[in-house]
Every structure is written in structure tokens, then in C-alpha cells.
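**Student:** below are the sequence and a predicted model for it; my questions follow.
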Amino acid sequence: MNDAAASAPRPDRPAFRLAGVLAVSALAFVLRPSPVQARQAILSYFRGTVEVQAPTSTFWRKAQLKMFVNEGEKIRTGKRSTATLLFRDGTRTRLGPDTTLSMTSLSAPVQLSQRGGRTRNRVNKYGRGFKLRTPTAVCSVRGTDFGVEVGENGNTNLDVFEGVVNGMKLATGESVDVGAGNSLSFDAGVTPLGEPAPLETSVDESAAKQLARKEVGLDMTREQLQAAVAEEMKLAEYQEGKSLIDVNGRRVRVEEYILRRPKDVAEAERDKAFKFVVLNTREDRLDFFTYKGIFNKTLPEDLSVALRNVSGRKFGTEPEFYLTAYEMAQSNLTDAIKDLADGGHLVKVTFDGATYNLEAHGVASDGSAGPATDTVLQNAGAEGKDYDPVADVYRNPGAGFDGVYDPDTDAFQTMSAGDTLWRTVFNRYAHMMGPSSQLAGLGLTEAEAAYRAGTLSQPYFQFYTNTSRAGAALARTGAGNTPAVTNIATLESFNNAALNGDPTFNNFTVGGRSLDLIPDQQIGDAYFAYLNGRYAFDSSFPSGADKLNIRLITYYPKSSTDIPFEQYDTFILSDEGKIAPTAAFASATSGKAFKEELIKWNYQQVTHSSAFGGTAGLDDGRTIDIVVEPKILIRSGLIK
């Protein structure tokens with residue numbers, strides 16, 4: 001196998017296929033608010049007329065996006081206007097039209113006073129409490145989702161969507177717990193407090209609002225997607241947006257956001273999950289990208305602490321957070337790409353100068369917990385390859401190895417004798433391409449069934465698992481025989497006879513280039529299956545070696561004339577659509593310098609595929625075309 005093939009997109013890596021070029025930086029950008037910031041809320045979203053008033057002023061000033069709203073201040077919305085406040089502990093309050101809210105206290109617990117209008121409050125259950133006072137009631141919660149409407153006479157209506165809210169009637173001092181799916185009204189009179197009643201759909205719950213509650217997904221129309229994005233953005237922890245010119249000279253509006261607890265994740269895993277969404281709108285098309293990741297434990301208050309470990313590579317001490325599953329999707333509303341992985345666990349890699357020792361952590365014989373070990377020689381014997389422990393591939397002697405960012409030295413570090421490296425590895429992975437409507441309903445269960453049935457066919461392009469097609473655990477080198485994957489690039493994968501595969505395809509040539517053809521095979525602790533049972537990989541620089549434009553193509557030949565493929569053209573480009581020169585990053589030898597340069601640029605990926613009606617070697621057929629502005633990736637810790 002040549003180094004080009006060894007550098008093909010690696011399914012074991014949890015890094016985004018979309019953002020792989022960007023993810024080489026490893027400087028942690030951790031947001032740590034000061035005590036003053038702890039007594040402030042952030043205006044994370046607003047539309048229409050929104051104003052803020054200082055405690056000692058009678059003047060209302062215009063609000064600005066991302067501004068701080070301080071303790072003691074008031075915020076109000078006008079007609080047909082909305083606003084969302086983000087608090088220190090991750091709690092969010094959305095103000096509807098004609099609503100006034102006072103920041104009574106922003107230390108623990110948050111205490112707000114609502115004089116009119118409607119609010120929707122999503123309270124972090126791991127926060128330190130939340131109270132909302134109206135002229136007739138006090139609502140006290142810890143971890144729930146509820147709405148409050150205050151009428152002109154001060155009467156209050158409480159709607160509870162998740163969890164439990166304790167509502168107290170100020171006139172009598174009575175209180176009652178209101179559970180999910182129930183409503184309770186409070187007035188200024190001294191009559192006894194009533195009982196909670198089942199929620200009824202309110203008149204403003206239009207079809208559009210019901211639709212907007214659905215998570216962004218592959219089975220949506222353009223209008224449905226835009227409505228869902230607008231709703232999710234109001235809950236986003238990080239958010240960016242701008243307009244620019246893409247590499248084809250077309251104006252594109254880029255909207256990006258990151259939120260926690262996505263609703264399309266099972267409730268038991270929701271507190272461990274986040275979602276990153278990119279929406280691209282051009283005059284005649286809409287493309288989007290989503291990435292949902294589930295960590296090993298509940299996400300921390302500072303989300304960037306967990307997100308900086310998405311890359312799955314860390315030197316030194318064992319990481320506290322690591323991914324156990326993820327789902328990536330890209331679509332142009334007609335075609336889609338979908339990647340999924342589960343069974344994520346840590347692998348500890350140590351090196352004594354001659355042998356790498358790989359030990360799976362947190363995984364048992366059933367794939368859930370317990371140790372498993374493998375050893376990998378530094379040199380692969382007859383093949384003459386050297387093992388790169390960070391990339392988990394073999395490279396030709398003298399080839400550069402991947403590095404991991406070391407924040408102590410602000411530099412990238414390759415593994416040396418005595419070092420300890422932690423990698424995130426998954427027990428199962430699937431890569432699919434095809435119609436959006438088809439991929440929307442497919443998961444790892446369906447992919448594994450296709451794998452066990454025999455040679456993969458579309459829409460399944462790649463799949464790997466820790467068991468054979470017959471369902472048996474694969475044999476491993478070293479102690480133990482559990483199905484936990486520690487590595488997917490052992491010596492066995494470099495047997496020339498195995499790699500040649502079908503003699504019909506020896507010396508596979510496409511576009512005048514002769515490529516290695518690699519068949520379905522066991523690689524280390526996993527079994528890899530490919531569309532039509534084989535693949536070949538190629539890479540090039542279409543704009544020249546001095547420009548940051550890379551083309552990656554994977555072929556899956558069924559015959560000499562039937563050659564399914566996937567092609568990724570990636571660009572680093574300016575806001576004016578100019579491709580960045582390689583010299584732009586030549587002096588960026590540290591993580592800080594890399595980020596300072598990267599933030600000046602954008603990332604674009606254009607995907608062609610036979611699954612989208614394309615032909616190998618021709619830029620025809622439909623494309624999925626995604627542009628990302630990297631600021632949000634740096635702010636959130638996804639680029640470190």
C-alpha cells in the first residue's frame with residue numbers, strides 16, 4: 001500500500017469529514033467567565049425591536065447581538081419581535097413579542113421578573129436553580145422547560161413542557177408542583193389556587209411553529225429545514241454567520257451554530273450530546289452539514305472543555321471526555337452523505353522505542369468495559385513500513401508522521417519513546433451516499449445487516465465492525481480476545497498478496513494514473529468492507545502545489561467500465577473567493593499562529609459522486625457544496 005492509500009479518509013477518526021483539513025490545530029480555547037461575567041446574561045439572538053434599560057436610567061437603548069445584559073437591567077421586545085438570553089449555567093430564556101423582563105439577580109440562583117408578555121425558559125438541570133417572578137406568581141425550578149405568559153392584569157399562565165415547576169400564588173402563599181404536559185393559572189385574588197390541567201395547544205401554535213420543533217434532518221424540504229434551523233439557532237451556545245463569495249464566484253450566506261441536548265438524540269444520552277450545524281444559502285440552492293456527537297459523560301457547563309477532545313488524540317493524562325458515538329450528514333436536499341459510528345472508547349498507546357503497546361480502556365468482551373491489548377512493531381518487516389501511532393497507519397521510511405498539539409509548548413508533538421498517547425477508536429462505522437430520502441432512515445443496524453449479507457452495494461460505500469460476517473469476534477494479536485478495537489493498521493494489512501485482490505484489477509488505472517486496489521479485509525481488530533468489495537484512492541492538487549486546494553478521490557470499481565466513486569475538492573479561501581496560497585500558513589508553526597492565520601480564511605468542500613449522478617473523471621452530476629467560517633470552530637474548542 002502506498003502512502004496515498006494510507007492517507008485515504010479514515011473512518012476510525014471522529015473528526016468531521018467536512019472539517020478534517022481544519023482540525024490539525026490543537027490549542028484549547030476555553031471560555032472561563034470572570035465573576036463579573038457570571039452576573040451577566042448574553043443576548044444570543046434577537047429579531048425586530050429589542051431594547052435594554054440600565055437600573056438607574058429611564059432611557060431604553062437599542063440592543064446589540066452578543067451584548068451583555070447585566071444584573072439589575074431590563075430587556076423588552078416590541079411587536080413581532082423576539083429575543084433569547086443565555087445565562088452562565090447554560091439556561092436560556094426566550095422572550096416573545098411585547099415582553100418585559102428584569103434581571104433581578106444573575107448569581108445562583110438566577111432570578112428574573114416578568115411584567116408582561118410571554119417567555120419560554122429552558123433551565124439547565126445541572127445549574128444552580130432558576131426563579132421567575134410575575135405580579136401574581138413565583139415559578140421555581142431546577143432543570144426543566146416551561147413557558148410563562150403574563151396578561152395586562154398581571155394574571156399568569158404557567159405551561160410545563162419538561163420536568164417539574166413549583167408555582168406559588170403570591171396572594172395566598174399556596175404552592176403546587178406542576179409536571180410536564182400540564183398548565184396552571186394564577187390571579188391576584190385570594191381564592192384558593194386551582195389544580196394543574198393538561199396543556200392545550202394554544203392559538204399561536206401554528207403549523208409552522210409545530211414544524212420548527214423538528215430537528216434539522218435529511219428528510220426535510222427547503223422550507224422545513226429553514227424553519228428548523230431558525231428554531232434551533234435560538235437555543236445555540238455558539239453562533240456565527242456571514243456572507244461571502246465561494247470558489248465558484250457565487251455569493252453564499254453561511255449560518256453556523258452549536259447547541260447541546262439535541263432532541264433527535266435518545267433522552268438517556270441527551271445530556272452527553274451536542275450538535276454542530278452549518279447552513280449555506282445561495283440564490284438557487286441550499287446545502288447543509290450536521291454533526292451530532294455523544295460523549296462518555298454529561299457535558300460540562302463550559303462546553304468547550306468537552307469539544308476540544310472531539311479530535312480523539314491527546315498526549316499525557318487520560319482525557320476526561322471522549323466520544324462514544326457520532327453522526328455526520330451533508331445534503332443538498334436531494335443527495336446526501338451520512339457517516340455513523342458507535343462503540344467509542346479510549347486506546348492507550350505507549351512506546352518503548354521499538355514496540356508500541358495498545359491497550360483498550362473502558363471496553364469488555366461485549367464491547368462495554370474491560371481491558372484488551374495489542375502490540376505493533378515500529379517497522380513492518382518485509383513491507384518496510386513505519387507505524388505512525390497518531391494516524392494509526394503505516395508510512396514509508398522518512399515520511400512525516402502526524403502530530404498532536406501540546407498546549408504547554410504551543411507546538412505539535414510526534415510520539416517518542418516514553419510518551420503516552422490516548423486515541424478514541426470506534427467498534428463500528430458506516431459511510432453512506434445516496435438520495436436524502438433513503439439515507440434519512442438508515443443507521444448502523446441496517447448497515448451491519450448489509451455487511452453480513454455479502455459484498456456491499458449502494459448506498460453503503462464503507463463499513464467496518466469488530467466482528468466477522470459470521471458474527472464471530474476477530475482474532476487479535478497479544479493478550480485477550482475481546483471485540484474491542486485497539487488499532488486498524490496491523491502488519492497483516494500489508495500482505496501484498498491480500499492487497500492485490502482480484503487479478504482482473506491488478507494495475508487498476510484511471511485518468512492515466514495507476515493505483516493500488518485494496519479488497520475487503522481484516523485490518524487489525526476490525527473487518528473492513530467496501531462498495532463492490534474493493535477500493536482505490538488518489539489525491540492531487542488541481543490548482544497547483546502552491547495553492548490550498550486538495551482533491552481526494554476514492555474509486556470502488558465493479559468492472560472496468562462501472563466505477564462508482566466519491567470525490568472531495570477542498571479549498572481554503574478568502575471572503576472574496578480567492579484560494580489561499582500554501583505560503584499563508586508556512587510560518588504558522590504553533591497552534592496560536594495557526595489559528596491567527598486560519599481565522600482570516602474560510603473552508604469550502606465540494607463533493608461529487610456517482611451516487612449523485614456523476615461520472616468518474618468528469619465534474620458532472622449534482623454536488624454537495626459546503627462553506628464553513630472557522631471562527632465558531634475556534635471559539636468552541638473544535639479547533640484547538
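**Tutor:** Here it is on my side, so go on.

**Student:** how about the strands in the stretch 151-300 of the chain?
**Tutor:** 156-162, 164-169, 175-179, 182-186, 197-198, 238-245, 251-260, 273-282, 285-295 (DSSP state E, counting those that start in this stretch).

**Student:** to Ser574, which of those lies closest?
**Tutor:** Nearest to Ser574, of all the strands of the stretch 151-300 of the chain, is strand 238-245, at 8.1 Å by Cβ to Cβ. In this view, the C-beta of every residue, glycine as well, is placed from N, C-alpha and C.

**Student:** do a quick rundown of the helices in the stretch 451-600 of the chain.
**Tutor:** 496-500, 591-598 (DSSP state H, counting those that start in this stretch).

**Student:** lowest-confidence stretch among those?
**Tutor:** The stretch with the lowest mean pLDDT among these is helix 496-500, at a mean of 42.

**Student:** quick one: buried residues of stretch 50-60?
**Tutor:** For stretch 50-60, the neighbour count (16 or more other Cβ atoms under 10 Å) marks 50-53 as buried.

**Student:** out of the residues you listed, who's nearest Ser560?
**Tutor:** So of those, ranked by how close each gets to Ser560 (Cβ to Cβ), first place is Val50, at 63.7 Å.

**Student:** related to what we said a few turns ago, so for Glu446, which of the strands of the stretch 151-300 of the chain sits nearest?
**Tutor:** Here strand 285-295 is closest among those (Cβ to Cβ), at 17.8 Å.

**Student:** show me what that closest one packs onto, helices and strands only.
**Tutor:** helix 222-233, strand 273-282, strand 323-331, strand 624-628 (3 or more Cβ pairs under 8 Å, 6 or more residues apart in numbering; DSSP states H and E).

**Student:** could I get these in TSV, plus columns for mean neighbour count and mean pLDDT?
**Tutor:** As requested, the helices and strands packed on strand 285-295 are exported to TSV (neighbours: other Cβ atoms under 10 Å; pLDDT from 0 to 100):
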stretch	mean neighbour count	mean pLDDT
helix 222-233	18	71
strand 273-282	22	91
strand 323-331	23	92
strand 624-628	24	94
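
**Student:** will you turn those into TSV that also has distance to Ala440?
**Tutor:** Shown next, in TSV, are the helices and strands packed on strand 285-295 (distance: least, Cβ to Cβ, whole Å):
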stretch	distance to Ala440
helix 222-233	12
strand 273-282	16
strand 323-331	9
strand 624-628	15
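
**Student:** which stretch of helix or strand covers Ser102?
**Tutor:** strand 100-105 (DSSP states H and E).

**Student:** before we move on, back to that, adding distance to Glu301, write the strands of the stretch 151-300 of the chain out as a markdown table.
**Tutor:** Formatted as a markdown table, the strands of the stretch 151-300 of the chain follow (distance: least, Cβ to Cβ, whole Å):
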| stretch | distance to Glu301 |
| --- | --- |
| strand 156-162 | 19 |
| strand 164-169 | 22 |
| strand 175-179 | 26 |
| strand 182-186 | 29 |
| strand 197-198 | 34 |
| strand 238-245 | 14 |
| strand 251-260 | 10 |
| strand 273-282 | 13 |
| strand 285-295 | 14 |
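
**Student:** in PDB, list the C-alpha atoms belonging to the strand holding Ser102.
**Tutor:** Extracted in PDB, the C-alpha atoms of strand 100-105 (Å, rounded to 0.1, in the frame of the first residue of the first chain):
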ATOM      1  CA  THR A 100     -40.500  42.900  29.500                       C
ATOM      2  CA  LEU A 101     -38.000  41.100  31.700                       C
ATOM      3  CA  SER A 102     -36.000  42.300  34.700                       C
ATOM      4  CA  MET A 103     -32.600  40.800  35.600                       C
ATOM      5  CA  THR A 104     -33.300  40.700  39.400                       C
ATOM      6  CA  SER A 105     -30.300  38.500  40.300                       C
END
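
**Student:** now Val627: how far from Gly151?
**Tutor:** As judged by Cβ to Cβ, to the nearest Å, Val627 and Gly151 stand 46 Å apart.
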